[in-house]
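> Structure, please.
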Amino acid sequence: MTSSKGRQQLPPLKVLCLHGYRQTSVAFKSKSGGFRKLLKNKLDFVFIDGPHLVPTGPQNPDGTDDSRSWWFSDVDPDYFSSAQESDICKGFDQSVDLIRHTFETQGPFDGILGFSQGSALVALICCLKQLKEFNYDLKFVVLVAGFQSLSASHLKLFDRLDSQLIDIPSLHIIGESDQVIAKEKSVKLSNIFKNPYIVYHSGGHLVPSNSSNRQKDDQTIDYIICEYNDCNIFLNLKSRVICVVM
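Numbers count the residues shown, from 1 in each chain. A predicted model of the protein is given here:
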């Protein structure tokens, strides 16, 4: 049903969610609860675990099973740092295979949301999609605390774009006081997308859960996510609704 103002009730958009390094699907679901509440009945979130357990060591001193990774930038022991330039990306291929398997078994998905290392993986999936090496539809991606992986094979993958910009609508959520992923890294990642939409929040390394955010041009926070059923979908954090404009 469509109102005179062009609003329409649509099935929720289905979004695959990828957690950060040393997180799990359960932890990410919990930490993103406020953000998901803003979008209740608008987006259907599906959370999965990274396939690799962070081994007992400096990054998992208690050897717990709730510390997982999408890949490692160093070995002996397996280790990851977003700041590390490395020839290693151990486990990355298995993670891409897992994403493909998830699209096959739980999809289709309208979009992917990633946090931290998960957002770096989303960017790499987008690169594969642009190169026609990821054969699943993507209407949009959301990258929270995103960064570009410095693993050599990943940089070569981006180089293969050969100045192409990734033509997937993207939303980049950036913390002004993020001490883990500097906002400059997140902005740099947004520059590989053709039409990035950037929203800043005043917090740190987290998924924001309130409406006190601003766009890069300090205007009202209305930004397009995707086209869906011949409609333009806007997420308005101020009114906390997705607005459908015919």
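> switch to C-alpha atoms for all contacts and neighbour counts from now on
Noted.
> Measure how buried residue 187 is and give me the count.
19 (other Cα atoms under 10 Å).
> OK, contacts around it?
Listed by Cα atoms under 8 Å, 6 or more residues apart in numbering, the contact partners of residue 187 are residue 174.
> Go ahead and report the secondary structure state at it.
helix (DSSP: H, G, I helix; E, B strand; the rest coil).
> how near is it to residue 39?
24 Å (Cα to Cα, to the nearest Å).
> my read is residue 121 is in a strand, agree?
No. Read with three-state DSSP, residue 121 is helix and lies in no strand.
> Now do the nearest residue in space to residue 91 that is not next to it in sequence, the pLDDT please.
Leaving aside its sequence neighbours, residue 91 sits nearest to residue 71 (Cα to Cα, 6 or more residues apart in numbering; 4.6 Å). What the model reports as pLDDT for residue 71 is 96.
> okay, now residue 71: neighbour count?
26.
> How about residue 78?
Residue 78: 19 neighbours (other Cα under 10 Å).
> does it really touch residue 53, like I thought?
No. Checked against Cα atoms under 8 Å, the pair residue 78 and residue 53 is beyond contact range at 9.2 Å.
> hey, what's the nearest residue to residue 79 once chain neighbours are set aside bridged with?
In space, and not counting its chain neighbours, residue 79 is closest to residue 72: 5.3 Å by Cα to Cα, 6+ apart. Beta bridges link residue 72 to residue 90, judged by DSSP bridges.
> residues near residue 72, how many?
Residue 72 has 22 nearby residues by other Cα under 10 Å.
> Same question for residue 152.
Residue 152 has 15 neighbours, counted by other Cα under 10 Å.
> And residue 138, by the same measure?
Neighbour count for residue 138, taken as other Cα under 10 Å: 18.
> swap in residue 89?
By other Cα under 10 Å, neighbour count at residue 89 equals 20.
> that older thread, the residue nearest to residue 79 and residue 132: what is the separation?
Residue 72 is 25 Å from residue 132, by Cα to Cα.
> Over to residue 86?
For residue 86 relative to residue 132 (Cα to Cα), the value is 26 Å.
> Between the two, which is the more surrounded one?
residue 86 (17 against 10).
> check contacts around the more buried one.
Applying Cα under 8 Å, 6+ apart to residue 86 gives the contacts 73, 74, 150, 151, 152.
> Return the per-residue confidence for the closest residue to the last one other than its chain neighbours.
Which is residue 152. Leaving aside its sequence neighbours, residue 152 sits nearest to residue 87 (Cα to Cα, 6+ apart; 5.0 Å). Note for residue 87: predicted pLDDT of 94.
> From residue 170, how far off is the residue nearest to residue 79?
Applying Cα to Cα to residue 72 and residue 170 gives a distance of 25 Å.
> just residue 92 next, same as before
22 Å.
> Count the residues that sit near residue 48.
If you count neighbours by other Cα under 10 Å, residue 48 ends up with 17.
> Just to check, it is in contact with residue 25?
Yes. Under the criterion of Cα under 8 Å, residue 48 makes contact with residue 25 at 5.1 Å.
> got the residue ranges for the helices in the protein?
Remark: helices assigned in the chain by DSSP state H are 25-31, 33-38, 92-106, 117-130, 152-159, 183-190.
> Reformat the ones you listed as a markdown table; add mean pLDDT.
Converted to a markdown table, the helices of the chain look like this (pLDDT from 0 to 100):
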| stretch | mean pLDDT |
| --- | --- |
| helix 25-31 | 90 |
| helix 33-38 | 74 |
| helix 92-106 | 98 |
| helix 117-130 | 97 |
| helix 152-159 | 96 |
| helix 183-190 | 93 |
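> Out of these, which is closest to residue 16?
Relative to residue 16, the nearest member of these by Cα to Cα is helix 92-106, separated by 8.7 Å.
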